[in-house]
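Chemist: pasting the sequence and the predicted model now:
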Amino acid sequence: MTHVLLIDGNNIGYASMYVPALAQLRHNGQQTGGIMGLVQSVIRITAMFPEAIPVVLWDGHAAWRKEICPEYKDNRKSTPEKVAVAESWHQQQPWAATLLVMMGVTQIRSADDEADDLTGQICTRLGDHQNIENITMISGDTDWWQALSERVSWFTPITDKAMTLDALKTEAAKDGPFEDPDEYLLAKCVAGDPSDNIPGVAGVGIKTAVKLLRQHGDLEGIARAVETGIAKDKKSAAIRESMELIERNRKIMDWRRAPAINPYQVGLMRENADPEGCIKLCQHLGLTRLEKRLSSEGEWAGIIAKQSESALANTIELCEIRNY
(Lines give C-alpha, C1' and ligand atoms only; values in the text may rest on other atoms or scores of the structure.)
Protein backbone atom coordinates (compact mmCIF):
# COMPACT_ATOMS: atom_id res chain seq x y z
CA MET A 1 0.00 0.00 0.00
CA THR A 2 1.14 3.52 -0.82
CA HIS A 3 1.76 6.40 1.58
CA VAL A 4 1.79 9.88 0.00
CA LEU A 5 3.37 13.02 1.46
CA LEU A 6 1.79 16.25 0.19
CA ILE A 7 4.38 18.96 0.89
CA ASP A 8 3.51 22.66 0.91
CA GLY A 9 6.56 23.97 -0.95
CA ASN A 10 6.06 27.71 -0.58
CA ASN A 11 4.98 27.46 3.04
CA ILE A 12 8.11 25.58 4.08
CA GLY A 13 10.53 27.47 1.84
CA TYR A 14 9.19 30.85 2.96
CA ALA A 15 9.22 29.84 6.64
CA SER A 16 12.86 28.75 6.27
CA MET A 17 13.77 32.36 5.55
CA TYR A 18 12.89 33.19 9.15
CA VAL A 19 15.29 30.58 10.58
CA PRO A 20 18.36 32.64 11.61
CA ALA A 21 20.97 30.13 10.43
CA LEU A 22 19.26 29.74 7.05
CA ALA A 23 18.52 33.45 6.62
CA GLN A 24 22.28 34.11 6.66
CA LEU A 25 23.05 31.73 3.78
CA ARG A 26 24.22 33.52 0.64
CA HIS A 27 26.18 32.72 -2.48
CA ASN A 28 27.41 35.38 -4.87
CA GLY A 29 25.13 37.88 -3.17
CA GLN A 30 22.00 35.71 -3.54
CA GLN A 31 20.24 34.29 -0.48
CA THR A 32 19.90 30.51 -0.60
CA GLY A 33 18.44 29.67 2.84
CA GLY A 34 14.96 29.00 1.49
CA ILE A 35 16.30 26.42 -0.98
CA MET A 36 18.37 24.77 1.73
CA GLY A 37 15.49 24.76 4.21
CA LEU A 38 12.98 23.23 1.79
CA VAL A 39 15.32 20.55 0.44
CA GLN A 40 16.50 19.58 3.92
CA SER A 41 12.87 19.33 5.03
CA VAL A 42 11.97 17.10 2.07
CA ILE A 43 14.90 14.79 2.89
CA ARG A 44 14.13 14.67 6.62
CA ILE A 45 10.38 14.20 6.25
CA THR A 46 10.71 11.47 3.64
CA ALA A 47 13.21 9.69 5.91
CA MET A 48 10.66 9.89 8.74
CA PHE A 49 8.11 8.02 6.62
CA PRO A 50 10.01 5.10 5.02
CA GLU A 51 8.85 4.14 1.53
CA ALA A 52 6.47 7.15 1.37
CA ILE A 53 6.34 9.11 -1.88
CA PRO A 54 6.87 12.89 -1.51
CA VAL A 55 4.94 15.31 -3.72
CA VAL A 56 5.75 19.03 -3.50
CA LEU A 57 2.81 21.32 -4.24
CA TRP A 58 3.38 24.89 -5.40
CA ASP A 59 1.09 27.92 -5.19
CA GLY A 60 -0.28 29.46 -8.33
CA HIS A 61 -2.08 32.81 -8.39
CA ALA A 62 -5.62 32.33 -7.03
CA ALA A 63 -6.76 35.84 -8.01
CA TRP A 64 -10.38 35.01 -7.15
CA ARG A 65 -9.56 35.06 -3.42
CA LYS A 66 -8.15 38.58 -3.76
CA GLU A 67 -11.27 39.65 -5.62
CA ILE A 68 -13.46 38.41 -2.78
CA CYS A 69 -11.17 39.76 -0.03
CA PRO A 70 -8.95 42.64 -1.29
CA GLU A 71 -6.85 42.57 1.89
CA TYR A 72 -6.09 38.85 1.50
CA LYS A 73 -2.45 38.18 2.51
CA ASP A 74 -1.55 41.89 2.40
CA ASN A 75 0.12 41.40 5.78
CA ARG A 76 2.84 39.35 4.09
CA LYS A 77 4.27 42.63 2.77
CA SER A 78 3.31 45.00 5.58
CA THR A 79 6.93 45.94 6.43
CA PRO A 80 10.11 46.42 4.38
CA GLU A 81 11.56 43.34 6.10
CA LYS A 82 8.62 41.15 5.02
CA VAL A 83 8.84 42.51 1.48
CA ALA A 84 12.53 41.62 1.36
CA VAL A 85 11.89 38.06 2.59
CA ALA A 86 9.04 37.54 0.11
CA GLU A 87 11.10 38.84 -2.80
CA SER A 88 14.10 36.73 -1.79
CA TRP A 89 12.03 33.55 -1.64
CA HIS A 90 10.41 34.44 -4.98
CA GLN A 91 13.91 34.48 -6.53
CA GLN A 92 14.91 31.22 -4.84
CA GLN A 93 11.77 29.21 -5.59
CA PRO A 94 12.65 28.32 -9.23
CA TRP A 95 16.05 27.05 -8.12
CA ALA A 96 14.43 24.99 -5.37
CA ALA A 97 12.03 23.47 -7.90
CA THR A 98 14.92 22.67 -10.27
CA LEU A 99 16.89 20.93 -7.55
CA LEU A 100 13.83 18.91 -6.55
CA VAL A 101 13.43 17.81 -10.18
CA MET A 102 17.00 16.53 -10.16
CA MET A 103 16.27 14.72 -6.89
CA GLY A 104 13.44 12.86 -8.61
CA VAL A 105 10.69 14.49 -6.53
CA THR A 106 7.23 14.78 -8.06
CA GLN A 107 5.93 18.37 -8.16
CA ILE A 108 2.57 19.91 -9.05
CA ARG A 109 1.53 23.48 -9.75
CA SER A 110 -1.74 24.97 -10.96
CA ALA A 111 -1.54 28.44 -12.47
CA ASP A 112 -4.87 29.55 -10.97
CA ASP A 113 -4.85 27.71 -7.64
CA GLU A 114 -2.95 27.50 -4.39
CA ALA A 115 -1.30 24.42 -2.91
CA ASP A 116 -4.29 24.34 -0.52
CA ASP A 117 -6.68 23.83 -3.43
CA LEU A 118 -4.56 21.06 -4.93
CA THR A 119 -4.40 19.35 -1.54
CA GLY A 120 -8.16 19.55 -1.14
CA GLN A 121 -8.70 18.03 -4.58
CA ILE A 122 -6.21 15.22 -4.00
CA CYS A 123 -7.51 14.34 -0.53
CA THR A 124 -11.09 14.33 -1.81
CA ARG A 125 -10.12 11.79 -4.47
CA LEU A 126 -8.43 9.49 -1.96
CA GLY A 127 -11.58 7.43 -1.46
CA ASP A 128 -11.45 6.31 -5.09
CA HIS A 129 -7.90 5.02 -4.79
CA GLN A 130 -7.81 1.93 -2.61
CA ASN A 131 -4.12 1.34 -3.40
CA ILE A 132 -3.30 4.52 -1.46
CA GLU A 133 -3.18 3.68 2.24
CA ASN A 134 -2.91 7.22 3.59
CA ILE A 135 -1.81 10.80 3.01
CA THR A 136 0.28 12.96 5.32
CA MET A 137 -0.09 16.67 4.61
CA ILE A 138 3.15 18.56 5.32
CA SER A 139 2.58 22.25 6.04
CA GLY A 140 2.66 24.85 8.77
CA ASP A 141 -0.79 26.00 7.64
CA THR A 142 -3.55 24.73 9.95
CA ASP A 143 -6.14 25.47 7.23
CA TRP A 144 -5.11 22.03 6.02
CA TRP A 145 -6.80 20.49 9.08
CA GLN A 146 -10.08 20.70 7.17
CA ALA A 147 -8.94 17.69 5.11
CA LEU A 148 -8.21 15.45 8.12
CA SER A 149 -9.82 12.03 7.94
CA GLU A 150 -9.15 8.45 8.95
CA ARG A 151 -6.65 8.24 6.08
CA VAL A 152 -5.36 11.83 6.08
CA SER A 153 -3.11 13.37 8.76
CA TRP A 154 -1.06 16.58 9.07
CA PHE A 155 2.51 17.33 10.15
CA THR A 156 4.47 20.57 10.33
CA PRO A 157 8.27 20.37 10.04
CA ILE A 158 8.45 23.89 11.48
CA THR A 159 7.66 22.65 15.00
CA ASP A 160 7.48 18.87 14.42
CA LYS A 161 3.86 18.75 15.57
CA ALA A 162 1.35 16.31 14.13
CA MET A 163 -2.44 16.36 13.91
CA THR A 164 -4.83 13.50 13.23
CA LEU A 165 -8.60 13.25 13.13
CA ASP A 166 -8.61 11.72 16.61
CA ALA A 167 -6.23 14.34 18.03
CA LEU A 168 -8.40 17.13 16.59
CA LYS A 169 -11.09 16.01 19.03
CA THR A 170 -8.78 16.60 22.00
CA GLU A 171 -6.97 19.54 23.59
CA ALA A 172 -3.91 18.60 21.51
CA ALA A 173 -5.51 20.79 18.83
CA LYS A 174 -4.88 24.50 19.37
CA ASP A 175 -8.15 26.14 20.48
CA GLY A 176 -9.70 22.65 20.53
CA PRO A 177 -11.14 20.18 21.05
CA PHE A 178 -13.30 20.14 17.92
CA GLU A 179 -16.05 17.69 17.04
CA ASP A 180 -14.76 17.32 13.49
CA PRO A 181 -12.92 19.24 10.74
CA ASP A 182 -16.15 21.00 9.70
CA GLU A 183 -16.58 22.50 13.16
CA TYR A 184 -12.96 23.67 13.16
CA LEU A 185 -13.32 25.25 9.74
CA LEU A 186 -16.58 27.02 10.54
CA ALA A 187 -15.20 28.40 13.80
CA LYS A 188 -12.18 29.69 11.91
CA CYS A 189 -14.44 31.35 9.34
CA VAL A 190 -16.18 33.15 12.20
CA ALA A 191 -12.97 34.16 13.96
CA GLY A 192 -10.99 35.02 10.80
CA ASP A 193 -7.41 34.12 9.96
CA PRO A 194 -4.75 36.69 10.95
CA SER A 195 -2.01 34.72 9.14
CA ASP A 196 -3.81 35.31 5.82
CA ASN A 197 -5.13 38.74 6.84
CA ILE A 198 -8.76 37.55 6.68
CA PRO A 199 -10.82 39.54 9.20
CA GLY A 200 -13.41 37.76 11.29
CA VAL A 201 -16.17 38.82 13.66
CA ALA A 202 -14.75 41.48 16.00
CA GLY A 203 -14.09 40.16 19.49
CA VAL A 204 -14.90 36.53 18.64
CA GLY A 205 -12.09 33.99 18.74
CA ILE A 206 -12.16 30.34 17.71
CA LYS A 207 -12.93 29.06 21.21
CA THR A 208 -15.87 31.43 21.59
CA ALA A 209 -17.13 30.57 18.12
CA VAL A 210 -17.08 26.85 18.97
CA LYS A 211 -18.90 27.48 22.27
CA LEU A 212 -21.70 29.47 20.61
CA LEU A 213 -22.03 27.09 17.65
CA ARG A 214 -22.47 24.16 20.02
CA GLN A 215 -24.85 26.09 22.25
CA HIS A 216 -27.16 27.10 19.39
CA GLY A 217 -26.54 24.34 16.85
CA ASP A 218 -25.14 26.31 13.91
CA LEU A 219 -24.85 29.84 12.50
CA GLU A 220 -28.56 30.01 11.75
CA GLY A 221 -29.26 28.85 15.30
CA ILE A 222 -27.18 31.71 16.68
CA ALA A 223 -29.08 34.19 14.51
CA ARG A 224 -32.45 32.81 15.64
CA ALA A 225 -31.39 32.89 19.29
CA VAL A 226 -30.50 36.57 18.97
CA GLU A 227 -33.70 37.41 17.09
CA THR A 228 -35.91 35.67 19.66
CA GLY A 229 -34.05 37.12 22.62
CA ILE A 230 -32.71 33.76 23.82
CA ALA A 231 -29.13 34.95 23.23
CA LYS A 232 -28.54 38.41 24.64
CA ASP A 233 -24.75 38.45 24.67
CA LYS A 234 -22.82 40.86 22.47
CA LYS A 235 -20.77 38.18 20.73
CA SER A 236 -23.80 36.27 19.50
CA ALA A 237 -25.25 39.56 18.28
CA ALA A 238 -21.98 40.36 16.51
CA ILE A 239 -22.06 36.99 14.73
CA ARG A 240 -25.65 37.60 13.60
CA GLU A 241 -24.68 40.99 12.21
CA SER A 242 -21.67 39.52 10.42
CA MET A 243 -23.29 36.72 8.42
CA GLU A 244 -22.16 38.17 5.08
CA LEU A 245 -18.58 38.42 6.35
CA ILE A 246 -18.66 34.83 7.61
CA GLU A 247 -20.09 33.59 4.32
CA ARG A 248 -17.34 35.44 2.44
CA ASN A 249 -14.74 33.78 4.68
CA ARG A 250 -16.25 30.38 3.96
CA LYS A 251 -15.84 30.99 0.23
CA ILE A 252 -12.19 31.84 0.78
CA MET A 253 -11.27 29.15 3.33
CA ASP A 254 -13.45 26.14 2.52
CA TRP A 255 -11.71 24.16 -0.23
CA ARG A 256 -15.02 22.58 -1.22
CA ARG A 257 -16.31 26.03 -2.20
CA ALA A 258 -13.31 26.93 -4.36
CA PRO A 259 -13.75 27.13 -8.14
CA ALA A 260 -13.14 23.86 -9.94
CA ILE A 261 -9.51 23.32 -10.85
CA ASN A 262 -8.90 23.63 -14.57
CA PRO A 263 -6.84 20.55 -15.49
CA TYR A 264 -5.34 22.42 -18.46
CA GLN A 265 -3.74 24.85 -15.99
CA VAL A 266 -2.12 22.09 -13.92
CA GLY A 267 1.41 20.86 -14.47
CA LEU A 268 2.81 17.67 -12.93
CA MET A 269 6.51 17.12 -13.37
CA ARG A 270 8.91 14.39 -12.37
CA GLU A 271 12.19 13.03 -13.69
CA ASN A 272 14.42 10.23 -12.51
CA ALA A 273 16.92 11.24 -9.87
CA ASP A 274 20.17 12.68 -11.21
CA PRO A 275 22.77 12.67 -8.41
CA GLU A 276 25.49 14.24 -10.58
CA GLY A 277 23.14 17.00 -11.64
CA CYS A 278 22.25 17.60 -7.98
CA ILE A 279 25.90 18.00 -7.05
CA LYS A 280 26.59 20.42 -9.91
CA LEU A 281 23.58 22.55 -9.02
CA CYS A 282 24.51 22.53 -5.34
CA GLN A 283 28.00 23.73 -6.30
CA HIS A 284 26.48 26.43 -8.49
CA LEU A 285 24.32 27.61 -5.58
CA GLY A 286 27.03 27.25 -2.96
CA LEU A 287 25.03 24.60 -1.08
CA THR A 288 28.04 22.40 -0.41
CA ARG A 289 26.45 20.89 2.71
CA LEU A 290 23.88 19.19 0.48
CA GLU A 291 26.35 17.62 -1.95
CA LYS A 292 27.11 14.49 0.05
CA ARG A 293 23.47 13.97 1.06
CA LEU A 294 22.35 14.10 -2.58
CA SER A 295 25.19 12.07 -4.10
CA SER A 296 24.72 8.56 -5.47
CA GLU A 297 26.12 7.20 -2.20
CA GLY A 298 24.34 9.67 0.02
CA GLU A 299 21.33 9.71 2.29
CA TRP A 300 18.81 10.69 -0.38
CA ALA A 301 19.80 7.81 -2.68
CA GLY A 302 19.15 5.40 0.17
CA ILE A 303 15.75 6.94 0.84
CA ILE A 304 14.46 6.79 -2.73
CA ALA A 305 15.82 3.27 -3.19
CA LYS A 306 13.08 2.13 -0.79
CA GLN A 307 10.32 3.63 -2.93
CA SER A 308 8.62 1.07 -5.17
CA GLU A 309 7.64 1.75 -8.76
CA SER A 310 4.06 0.73 -8.00
CA ALA A 311 3.85 3.24 -5.14
CA LEU A 312 5.14 5.98 -7.43
CA ALA A 313 2.61 5.01 -10.12
CA ASN A 314 -0.22 5.02 -7.56
CA THR A 315 0.86 8.47 -6.34
CA ILE A 316 1.00 9.98 -9.82
CA GLU A 317 -2.43 8.55 -10.63
CA LEU A 318 -3.87 10.06 -7.44
CA CYS A 319 -2.30 13.47 -8.11
CA GLU A 320 -3.22 13.84 -11.77
CA ILE A 321 -5.96 16.47 -12.05
CA ARG A 322 -8.13 15.53 -15.02
CA ASN A 323 -11.50 16.20 -16.58
CA TYR A 324 -13.81 13.37 -15.59
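Modeler: Thanks, I have it.

Chemist: where does the residue nearest to K77 when sequence neighbours are not counted fall, phi/psi-wise?
Modeler: Nearest residue to K77, sequence neighbours excluded (Cβ to Cβ, 6 or more residues apart in numbering): V83, at 4.8 Å. (C-beta placed from N, C-alpha, C; glycine too.) Main-chain dihedrals, V83, degrees, to the nearest 10: phi -60, psi -40.

Chemist: what's the burial count for V83?
Modeler: 12 (other Cβ atoms under 10 Å).

Chemist: then R257?
Modeler: Considering only other Cβ under 10 Å, R257 is surrounded by 11 other residues.

Chemist: for Q130, same thing?
Modeler: By other Cβ under 10 Å, neighbour count at Q130 equals 9.

Chemist: which of the helices or strands spans it?
Modeler: Assigned by DSSP states H and E, Q130 falls within no helix or strand.

Chemist: the one 5 residues further on too?
Modeler: Secondary structure here is read from DSSP H and E; on that basis I135 sits in strand 132-138.

Chemist: what element comes up after that strand heading to the C-terminus?
Modeler: Next along from strand 132-138, by DSSP H and E: strand 152-156.

Chemist: residue contacts, L5?
Modeler: Listed by Cβ atoms under 8 Å, 6 or more residues apart in numbering, the contact set of L5 reads 45-46, 49, 52-55, 135-136, 138.

Chemist: ok, and for stretch 222-232, which residues are buried?
Modeler: 222-223, 225-226, 231 (16 or more other Cβ atoms under 10 Å).

Chemist: over to stretch 254-269?
Modeler: Under the neighbour-count criterion of 16+ other Cβ under 10 Å, stretch 254-269 has 254-255, 258, 261, 266 buried.

Chemist: among these, name the ones in strands.
Modeler: Secondary structure defined by DSSP state E assigns V266 of the buried residues of stretch 254-269 to strands.

Chemist: closest to R289 among the buried residues of stretch 254-269?
Modeler: V266 (33.5 Å; Cβ to Cβ).

Chemist: check whether that closest one really touches D112, as I assumed.
Modeler: No. Contact criterion Cβ atoms under 8 Å: V266 and D112 do not qualify, at 9.1 Å.

Chemist: ok and the strand holding I135 relative to strand 152-156, angle-wise?
Modeler: Strand 132-138 and strand 152-156 are oriented at 30 degrees to each other (axes from the mean of the first three to the mean of the last three Cα atoms, to 10 degrees).

Chemist: from the contact counts, what lies against strand 132-138?
Modeler: Here strand 132-138 touches strand 2-8, helix 115-124, strand 152-156, helix 309-319, going by 3 or more Cβ pairs under 8 Å, 6 or more residues apart in numbering; DSSP states H and E.

Chemist: now do it: distance to the chain's middle.
Modeler: Between the centre of strand 132-138 and the centre of its chain there are 13 Å (Cα atoms, centre = their mean, to the nearest Å).

Chemist: got the angle between it and strand 2-8?
Modeler: 20 degrees.

Chemist: what pairs with strand 132-138, parallel or antiparallel?
Modeler: strand 2-8 (parallel), strand 152-156 (parallel) (DSSP bridges).

Chemist: correct me, but the residue nearest to K77 touches N75?
Modeler: No. Applying Cβ under 8 Å as the test, V83 and N75 come out as separate, 11.5 Å apart.

Chemist: now do the helices in the stretch 151-300 of the chain.
Modeler: With DSSP state H, counting those that start in this stretch as the criterion, the stretch 151-300 of the chain has helices at 165-168, 181-191, 206-216, 219-227, 234-241, 243-253, 275-285, 288-294, 299-305.
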